[in-house]
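Participant: Fold the stuff below for me.
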Amino acid sequence: METAIDYLNQVHEDLVDAARRERADLHPVQGRPPRRMPAMGLVAAVVSVLVVAGLIGSGIFGGTEAERGSAVPADGGASTGATGATGGAEAGADEDAATAPAPTPGEIADLSEGGGREAPSADLTRVIRTAEISIVIPRDTFDERFGQAVDAGEASGGFVADSRSQSRSGSLTLRVPAESFDETLRALRALGTVQVESVHGKDVTADYVDLRARLRIAKSRREVLLGLMQEATTIEQTIRVQNALDETQLRIEQIQGELRLLDDRTSLATINIDMREQGVEREAEVDTPSIPNAFERATAGAVGVVAAIVIGLGYLLPILVLGLLAWFVVSRIRHRRRA
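Facilitator: Below is the predicted model:
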């Protein structure tokens, strides 16, 4: 009897073990710990995504950055900033100016530094002319030809703005009157064999005319404010008009400075000359490193990398979202098939 009981117990244990094995074969994942992505694998995946985003962004960001530009007003935004700087003080003066009598035609004529009226037929065309010329001269003639280049600039009424020379080679910057620009270039070409020559002209007539119009308006406003100053009867009115007058005078001086700069750049042309004897290689320009320059370049590089990654992520995120959705759908389909 005991033998039969032991036999039955052994059969029961065998059946339980068989059931456990069958359950493990049908559901192998339930008896195992969940798999986890290694930390290094996760880091590698994130880094890969950032690298791809940076490459995409650098191509897009680098291509568009060179084409970017911002239109800056001729007065550098000084007019807007100066107007807003006085706040409520100038606002009161503007109200008084608005109710004051309109300026006479003589007041709004052209109040330039000479004080005279601009002739209607005056030529306001302004062009900034520059040239770069590289000349190869015969051997043992550098000192003589370099002196002739200086004489050519001075003979046309110009002057030497910069000069740098060494044994058998050197560079020279001449500022010559715009009307003598072509004549001076012809004299320089005769000194030797011209290897490279480039001539540039930038038309700044629109900027010049705009500045002159701003100057007329500012001076007209100054005349109105001076009249209001004479009519002020209280200290508060005097202070408000004086603040507006100071801002207007500052605006006038800024515009006059820009006009003088344009006059200088257009009335005198610039010629950069590189001269060397035959057989002498052109000296390579060396960019001297400096700590401030290094920090600026490092900061600019870091900002550029971050900008490229952000732009690249903008292009990658939709692709990643679609990929995750596709993976989720495929996983669900496989799970249902197994079930």
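Participant: Run through the helices of this protein in chain order.
Facilitator: According to DSSP state H, the chain carries its helices in the segments 2-26, 39-65, 78-85, 88-99, 142-155, 181-189, 205-231, 235-267, 291-338.
Participant: Quick one: these as a markdown table, columns for mean pLDDT, mean neighbour count and distance to Arg276 too.
Facilitator: C-beta here means a position set from N, CA and C on the backbone, and glycine is covered the same way. Formatted as a markdown table, the helices of the chain follow (pLDDT from 0 to 100; neighbours: other Cβ atoms under 10 Å; distance: least, Cβ to Cβ, whole Å):
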| stretch | mean pLDDT | mean neighbour count | distance to Arg276 |
| --- | --- | --- | --- |
| helix 2-26 | 67 | 10 | 88 |
| helix 39-65 | 65 | 13 | 36 |
| helix 78-85 | 38 | 14 | 45 |
| helix 88-99 | 42 | 15 | 59 |
| helix 142-155 | 92 | 17 | 8 |
| helix 181-189 | 93 | 17 | 14 |
| helix 205-231 | 93 | 17 | 37 |
| helix 235-267 | 93 | 17 | 28 |
| helix 291-338 | 78 | 12 | 29 |
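Participant: Among those, which comes closest to Ser171?
Facilitator: Nearest of the helices of the chain to Ser171, taken as Cβ to Cβ: helix 142-155 at 9.8 Å.
Participant: Give the other helices and strands that the closest one contacts.
Facilitator: Applying 3 or more Cβ pairs under 8 Å, 6 or more residues apart in numbering; DSSP states H and E, one finds that helix 142-155 contacts strand 159-166, strand 169-177, helix 181-189, strand 268-277.
Participant: got those as a markdown table, with distance to Asn9 columns?
Facilitator: Output for the helices and strands packed on helix 142-155, formatted as a markdown table (distance: least, Cβ to Cβ, whole Å):
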| stretch | distance to Asn9 |
| --- | --- |
| strand 159-166 | 108 |
| strand 169-177 | 108 |
| helix 181-189 | 116 |
| strand 268-277 | 107 |
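Participant: rewinding a little: now the helices of the chain in CSV, with distance to Arg164?
Facilitator: Listed next are those as CSV, based on distance: least, Cβ to Cβ, whole Å:
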stretch, distance to Arg164
helix 2-26, 87
helix 39-65, 33
helix 78-85, 36
helix 88-99, 50
helix 142-155, 11
helix 181-189, 17
helix 205-231, 32
helix 235-267, 22
helix 291-338, 22
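Participant: circling back: out of the helices and strands packed on helix 142-155, which gets nearest to Ala18?
Facilitator: Nearest of those (Cβ to Cβ): strand 268-277, 95.6 Å.
Participant: what pairs with that closest one, and is each one parallel or antiparallel?
Facilitator: When pairing is defined by DSSP bridges, strand 268-277 lines up against strand 127-137 (parallel), strand 169-177 (antiparallel).
Participant: Out of those strands, flag the one nearest Ile252.
Facilitator: Judged by Cβ to Cβ, the one of these that comes nearest to Ile252 is strand 127-137, at 23.9 Å.
Participant: and that closest one, average pLDDT?
Facilitator: Mean per-residue pLDDT for strand 127-137: 94.
Participant: Make residue 1 into 14 and carry on from there
Facilitator: Yes, from this point I'll number from 14; that puts the last item at strand 140-150.
Participant: Contacts for it next, please.
Facilitator: 158, 191, 194, 198, 201-202, 204-218, 278-279, 282-291, 295 (Cβ atoms under 8 Å, 6 or more residues apart in numbering).
Participant: now that strand against helix 155-168, angle please.
Facilitator: 160 degrees (axes from the mean of the first three to the mean of the last three Cα atoms, to 10 degrees).
Participant: Buried ones from the contacts of strand 140-150, can you make that a ChimeraX selection?
Facilitator: Only the buried members of the contacts of strand 140-150 enter the following ChimeraX selection, criterion being 16 or more other Cβ atoms under 10 Å:
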select :158,194,198,201,204,205,217,278,279,282,283,284,285,286,287,288,289,290
